[in-house]
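Peer 1: need a 3D model of the following:
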Amino acid sequence: MKADFVMGIHFHQPVGNFDYVIEHACDKCYMPFLETLKKYPDIKMSFHFTGCLLEWIEANRPEIIDIVRDMTRKGQIEMLSGGFYEPILTSIPERDRLSQIAMLNDYVRSKFKYEPKGAWVAERVWEPTLPAVFHDSGIKYVILDDTHFLYSGITKDRTYGYYITEDNGKTVAAFPSDKVLRYHIPFKMPEESINYMKEVASKHENPTFIYGDDGEKFGEWPGTHKWVYEEKWLKNFFDEIIKNKDWLNTITFSECLDKKSSLGRVYFPTTSYEEMLEWSLPPGSQEWFEDVLEDIKNSGKEDYYKPFIRGGFWRNFFAKYPESNHMNKKMLYVSNKLNELKDKRGVNQDLLKEAERELFRGQCNCAYWHGVFGGLYLFHLRRAIFNHLIKSETLMDKAAYGVKPYFKSRELDIDADGQDEVLLENRDISLYFDPAEGGVLKEFDSKGMCQNFLNTLSRRKEAYHRKIIEKLENAQNEQESDCQTIHDGIQKVDPGIGENLIYDRYNRYGLIDHFIGKDVNIESFFSCKYNELGDFVSGHYKMDVKKGRDDIVLSMGRKGNVEGLPVSVVKRIGFPLEGSHFSVNYTIKNMGDRFLDCVFAPEFNFTMPDADAEKYSLRTSDNNRSPLSAAAEDEETQEVSISDNEEETLTITFSEGCRLWYFPVRTVSQSEKAYELNYQGSSLLPSFELHLQPNEKKDININVRLG
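Peer 2: Now for the predicted structure:
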């Protein structure tokens, strides 16, 4: 009996993650893993470090690179490539896919003196065109889950080796990572994995066992540092491998390619690991899917049915979360903008190379989706995406215009919904308006700060919210376990979650036009327990853009209804040639034959560069101050500003006194460690009483400025 065992370990930290988190991962996971493996020079592995983690390590923990380089030189370690900043390859343009892989290829050659032959596929998100991308990048093999193969009709007993897949004749080898091993390692006793492989090997001639999974399982996931190192799971696992070396041989993926032939040809559908497919479903469908899986499990035929049962498609995160779609489409816009400037006469190409790296940083996948990891729900990850994309644009401006002032408008379907948006930009700021979705302001970029002040997220239902409700009801009876896979169930629930299970009716942008009754209070508005009297929120506005010598005026108008009365709203955006400010002029007209008596409230949702940090305070014209993290109201003010340690960051002024409500928007989400409340932004709601006779109109002017 003989068998080969190939192991691929994937190490990654998202772009924008906190330094202390990465430091903790280095101390509790990466270094202990490497130090343990070094003591077993006969055990071979393949490593994949993402470029974003490598950049941090090179600047902060270069000894890790030295250790891995030495192990690579000795032949114990094989280094893998992939997209440098760990993008979902199919979500970025093909030119960027090739460039990102080439960038990590070059880094591995330079730092580790190794020519990479394999690639890690981010989140194992697969689409049929990827073989050609890897082939053209010089990649010989990729690691996927055995689930991909099961979905393709390959039975489990035929997954102990690799297959060839192709796109238009361009081939790449694909290795199926064994789910049994992924769920055993490191959560079950080491001998259980060995016994599993021994049993399979007794029934197959010279099988290859494939393991590919996250390195963070070995010390960074909840409870694993104690289990893996203090209680010596990893040492015991390596000892078991050595003890069984008479029949179990560890090799690298490249050695396997050289040593063995493929088991055949396979074509994969659009897929990922099974949990990802579940997470990508809309919440109602996800609950339904969970119930179906539970029924199948209870039937005793789970293994029989599962190969033909799968969830959704990764790209559906763009439909599930409009904020994710907006980030993705902004990224595509920046990529296309960069591509248009390349090789253009008079454009500084060195600055464009810097802009390209910033673009690639903005393609890191973690902030674009949400499952058991916080992902999209984590403000600091979204902030990093916008930061790098805006920085890329700023470098492009410098490359194209030098120090000259400029301003321009563009009408294009940025978010790919079939309706044009309007982009206004000058050297200092960019504004993205969506006339088809209530004439809202979707993005407000400071190019100097590289910050999107509308980087918000709406409160929406998630399938796991029903589990939170169950946990709250059963909190008295639950105990924490020391070590579990992140798929086993989240143990902790943040205080205050129950009263924050609130779902917004609309996306939280800027200039959302509400018509509400005088009896509505801040509590009912916060909790979405009020009646919207008009049909202007998310309604379709007609637009017109006029460019003058010193400014651009964007007009957006809608004829709608408020309590059965025809009402028109026109908002005119004044955008200057220079400066970090813009104006909004509202004209509201009662076009009916009855008296209009209600409240008009244009809502703003803002985020500061450091979320709701203690240094921020909100001040109104009477010098009333509140922390940004608190809810409050002011009966009459003509100005509101958010200050950063007494220095004004964002100021909004009104042409007349208005009542102002403000409150933090917090979402209920899950991470690998807990169900938690996450701050997403602050809602500011100025409100103006309307007392309009038939054909009477009212003008309201608002000015917004940064700094």
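
Peer 1: break the chain into its domains for me.
Peer 2: As given by automatic domain parsing, the domain ranges for the chain are 3-270, 498-706.

Peer 1: now tabulate these in CSV and tack on mean pLDDT and mean neighbour count.
Peer 2: For the C-beta atoms, the positions are set from N, CA and C on the backbone; glycine is no exception. Formatted as CSV, the domains of the chain follow (pLDDT from 0 to 100; neighbours: other Cβ atoms under 10 Å):
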stretch, mean pLDDT, mean neighbour count
domain 3-270, 97, 19
domain 498-706, 95, 18
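
Peer 1: look through the chain and tell me its longest strand.
Peer 2: Of all segments of type strand in the chain, defined using DSSP state E, the longest is strand 647-670.

Peer 1: that one: partners in the sheet, and parallel or antiparallel?
Peer 2: Partners of strand 647-670 in the sheet, by DSSP bridges, are strand 632-644 (antiparallel), strand 674-692 (antiparallel), strand 697-706 (antiparallel).

Peer 1: chain center to it: distance?
Peer 2: Mean-position distance between strand 647-670 and its chain equals 25 Å (Cα atoms, centre = their mean, to the nearest Å).

Peer 1: CA atoms of it as PDB?
Peer 2: Extracted in PDB, the C-alpha atoms of strand 647-670 (Å, rounded to 0.1, in the frame of the first residue of the first chain):
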ATOM      1  CA  GLU A 647     -11.200  70.700  13.400                       C
ATOM      2  CA  GLU A 648     -14.200  70.800  11.100                       C
ATOM      3  CA  THR A 649     -14.300  67.900   8.700                       C
ATOM      4  CA  LEU A 650     -17.800  68.100   7.100                       C
ATOM      5  CA  THR A 651     -20.300  71.000   7.400                       C
ATOM      6  CA  ILE A 652     -23.800  71.400   6.000                       C
ATOM      7  CA  THR A 653     -25.600  74.700   6.100                       C
ATOM      8  CA  PHE A 654     -29.300  75.400   5.400                       C
ATOM      9  CA  SER A 655     -31.000  78.500   4.000                       C
ATOM     10  CA  GLU A 656     -33.400  78.500   7.000                       C
ATOM     11  CA  GLY A 657     -33.700  77.000  10.400                       C
ATOM     12  CA  CYS A 658     -34.800  73.300  10.500                       C
ATOM     13  CA  ARG A 659     -35.300  70.500  13.000                       C
ATOM     14  CA  LEU A 660     -32.400  68.000  12.900                       C
ATOM     15  CA  TRP A 661     -32.300  64.400  13.900                       C
ATOM     16  CA  TYR A 662     -29.100  62.400  13.900                       C
ATOM     17  CA  PHE A 663     -28.400  58.800  14.900                       C
ATOM     18  CA  PRO A 664     -25.800  56.100  14.300                       C
ATOM     19  CA  VAL A 665     -26.700  53.300  11.900                       C
ATOM     20  CA  ARG A 666     -25.600  49.900  13.200                       C
ATOM     21  CA  THR A 667     -26.100  46.600  11.400                       C
ATOM     22  CA  VAL A 668     -26.500  43.100  12.900                       C
ATOM     23  CA  SER A 669     -24.000  40.800  11.300                       C
ATOM     24  CA  GLN A 670     -21.900  37.800  11.900                       C
END
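
Peer 1: which pLDDT value belongs to the residue lying closest to residue 155 once chain neighbours are set aside?
Peer 2: Distance criterion Cβ to Cβ, 6 or more residues apart in numbering; nearest residue to residue 155, sequence neighbours excluded, is residue 307 at 8.0 Å. If you check residue 307, the pLDDT there is 91.

Peer 1: tell me the SS of residue 307?
Peer 2: helix (DSSP: H, G, I helix; E, B strand; the rest coil).

Peer 1: what's the neighbour count on it?
Peer 2: Using other Cβ atoms under 10 Å, the number of residues around residue 307 comes to 16.

Peer 1: the strands paired with strand 647-670: which one's closest to residue 423?
Peer 2: strand 697-706 (16.8 Å; Cβ to Cβ).

Peer 1: chain center to that closest one, what's the gap?
Peer 2: 34 Å.

Peer 1: for stretch 445-452, same thing?
Peer 2: 19 Å.

Peer 1: before we move on, back to that, for residue 449, find the nearest of the strands paired with strand 647-670.
Peer 2: Comparing those against residue 449 with Cβ to Cβ, the closest turns out to be strand 697-706 (7.7 Å).

Peer 1: CA atoms only: put stretch 384-397 into PDB for me.
Peer 2: Only the C-alpha atoms of stretch 384-397 are listed here, as PDB (Å, rounded to 0.1, in the frame of the first residue of the first chain):
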ATOM      1  CA  ALA A 384      -9.700  50.500   2.300                       C
ATOM      2  CA  ILE A 385     -11.300  49.600  -1.100                       C
ATOM      3  CA  PHE A 386     -12.500  53.200  -1.600                       C
ATOM      4  CA  ASN A 387      -9.200  54.600  -0.300                       C
ATOM      5  CA  HIS A 388      -7.100  52.800  -2.900                       C
ATOM      6  CA  LEU A 389      -9.600  53.400  -5.800                       C
ATOM      7  CA  ILE A 390      -9.800  57.100  -5.000                       C
ATOM      8  CA  LYS A 391      -6.000  57.200  -4.600                       C
ATOM      9  CA  SER A 392      -5.700  55.600  -8.000                       C
ATOM     10  CA  GLU A 393      -7.900  58.200  -9.600                       C
ATOM     11  CA  THR A 394      -6.000  61.000  -7.900                       C
ATOM     12  CA  LEU A 395      -2.700  59.700  -9.400                       C
ATOM     13  CA  MET A 396      -4.400  59.600 -12.800                       C
ATOM     14  CA  ASP A 397      -5.600  63.200 -12.400                       C
END
